[in-house]
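need coordinates for the below:
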Amino acid sequence: MTLRIVPLADPEPGTSSRRLAWLASAGDGAPVGSAFLRLFTKEGQDHLAELEIAVHAAERRRGVGTRLLDAAVAAARAEGRRSVIAQAERGSAADRFLAARGFRRVLSLTYARLALKDVDLAALPEQGCPGYELTEWEGTVPAELAQSYADSRRAMDDMPMEDTDFGTVLWDVERVVAAAEAVARRGDLLHTVAAVDTADGTIVGFSELVVPGDGLGDGQHYGTAVLPEHRGRRLARWMKAASVRRTRERYPELAGLLTDTADSNAPMLAVNAALGYVPTHQAVEYQLDL
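I've put the predicted structure just below:
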C-alpha cells in the first residue's frame with residue numbers, strides 16, 4: 001500500500017498545550033488515518049505528551065497506525081518529552097495495538113452514565129454539611145471567588161492516577177478563566193458547584209459539569225474534588241447531587257450525564273453508585289516511556 005504521512009499545523013495553541021497533527025493518505029489521496037499529539041506546556045506537565053490515533057476500519061492491519069505512531073513518537077522525542085500517554089477502550093483494536101507497541105498499562109478507568117429521565121429528584125441527598133454551604137455559577141468563575149477557586153484546584157493533586165506519569169497541574173486564576181473560556185468558545189455550557197467553608201468563606205471543593213450548547217444529548221462531568229483537610233464529610237456527594245438536580249431542572253431535554261473515574265478511586269466510585277450512575281464500559285490508559 002502506498003502511504004503518505006503529511007504533518008499538519010494546529011493554528012490555535014491553547015494556554016496550557018499545543019498540538020501536532022499528521023494525516024495519512026493512500027496513493028490516490030484518500031485519507032485513511034490521522035494522529036494528534038498534544039504537547040503540554042505548563043510547568044509541572046511539560047514532560048508529557050498525549051496521543052490520539054485513528055485509522056479507518058477498512059485500512060487497519062496495513063501499517064497505517066504504525067507509521068502514524070512512528071511520526072508522533074519521533075516528534076515527542078524531538079520535543080524532549082519523557083512520556084507519551086494514550087487511552088483505549090478495554091478489549092478494542094486500539095487496546096491491542098498499543099499493548100503490542102511498547103506501551104504499558106498504567107491506569108484503569110470506569111465510564112458511567114446517569115439517565116436523567118430516571119432520576120428521582122426527591123431521592124437525591126439534599127442535607128448539607130455543618131460548617132459548609134454551596135454556591136454555583138455558569139461559565140467563568142465570579143471575580144470575587146476566582147482566587148479561592150484557583151487555590152481549591154489543588155484538591156486534584158492527589159487524584160488516583162496509579163502509575164501514570166501525569167505530573168502536577170498548576171492552577172492559577174489565568175488558567176481557571178482560560179479553561180472556562182475554551183468551553184464557551186466551542187459553544188458548550190460550563191456549570192460549577194462549589195463547597196464553601198463558612199468559617200472563612202474559602203472554596204474547599206468543586207464539581208464541574210459541561211452541557212452541550214443546545215441542551216441535548218449528554219453532559220460531561222469534568223471533575224469533582226475536595227481539599228484533603230475537608231474530606232470525610234460527604235461534600236463530594238452533596239455537590240454532585242446538587243449539580244444533577246440543577247441540570248435536570250434547567251435542561252429538561254438533556255438525556256444523561258457522563259463521568260469517568262479511576263478504578264482505584266473507591267470514594268468517587270461509591271459517590272457515583274449512590275447517585276445512580278451505571279457503568280457503561282472500561283478504558284485503559286497506556287504510557288510509553290521515552
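
I'd say Asp118 and Leu275 touch.
No - in this structure, Asp118 is not within contact of Leu275 by CB atoms under 8 Å, at 11.4 Å. The way it works is simple: take the backbone N, C-alpha and C, and place the C-beta from them, glycine included.

neighbour count winner among the two?
Neighbour count, other CB atoms under 10 Å: between Asp118 and Leu275, Leu275 has more, with 20 against 9.

could you pull up the contacting residues of the more buried one?
Contacts for Leu275 (CB atoms under 8 Å, 6 or more residues apart in numbering) come out as 114, 124, 237, 240-241, 244.

what sits up against the helix or strand Ala179 falls within?
Element membership for Ala179 (DSSP states H and E) is helix 173-185. With contact meaning CB under 8 Å, 6+ apart, helix 173-185 is reached by 14-16, 42, 139-141, 146-147, 149-150, 153, 189-190, 210.

CA-only coordinates of the very next helix or strand once past it in CSV, if you can.
Note on helix 173-185: by DSSP H and E, the next helix or strand toward the C-terminus is strand 189-197. Output in CSV follows, covering the C-alpha atoms of strand 189-197 (Å, rounded to 0.1, in the frame of the first residue of the first chain):
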residue,chain,number,x,y,z
LEU,A,189,-22.1,25.5,28.8
LEU,A,190,-19.9,25.1,32.0
HIS,A,191,-21.7,24.8,35.3
THR,A,192,-19.8,24.7,38.6
VAL,A,193,-21.0,23.9,42.1
ALA,A,194,-18.6,24.7,44.9
ALA,A,195,-18.5,24.0,48.6
VAL,A,196,-17.6,27.0,50.8
ASP,A,197,-16.2,26.8,54.3
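
other SSEs contacting strand 189-197?
Strand 189-197 sits against strand 132-138, helix 143-152, helix 173-185, strand 202-211, helix 235-250, with contacts defined as 3 or more CB pairs under 8 Å, 6 or more residues apart in numbering; DSSP states H and E.

which of these is buried the deepest?
Among the helices and strands packed on strand 189-197, strand 202-211 has the highest mean neighbour count (mean count of other CB atoms under 10 Å), at a mean of 23.

what about that one, average pLDDT?
What strand 202-211 shows for mean pLDDT is 98.

list the neighbouring strands of the very next helix or strand once past it plus their orientation.
Once the chain leaves strand 202-211, the next helix or strand it forms, by DSSP H and E, is strand 218-226. In the sheet, strand 218-226 lines up against strand 202-211 (antiparallel), strand 256-262 (parallel) (DSSP bridges).

quick one, the longest one and helix 235-250 angle?
This points to strand 202-211. 40 degrees (axes from the mean of the first three to the mean of the last three CA atoms, to 10 degrees).

dump the C-alpha coordinates for strand 202-211 into CSV.
C-alpha atoms of strand 202-211 as CSV (Å, rounded to 0.1, in the frame of the first residue of the first chain):
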residue,chain,number,x,y,z
THR,A,202,-13.0,29.9,51.1
ILE,A,203,-13.8,27.3,48.5
VAL,A,204,-12.9,23.8,49.6
GLY,A,205,-14.3,21.7,46.9
PHE,A,206,-16.0,21.8,43.5
SER,A,207,-17.9,19.8,40.9
GLU,A,208,-17.8,20.8,37.2
LEU,A,209,-20.2,19.8,34.5
VAL,A,210,-20.2,20.7,30.8
VAL,A,211,-23.6,20.7,28.9
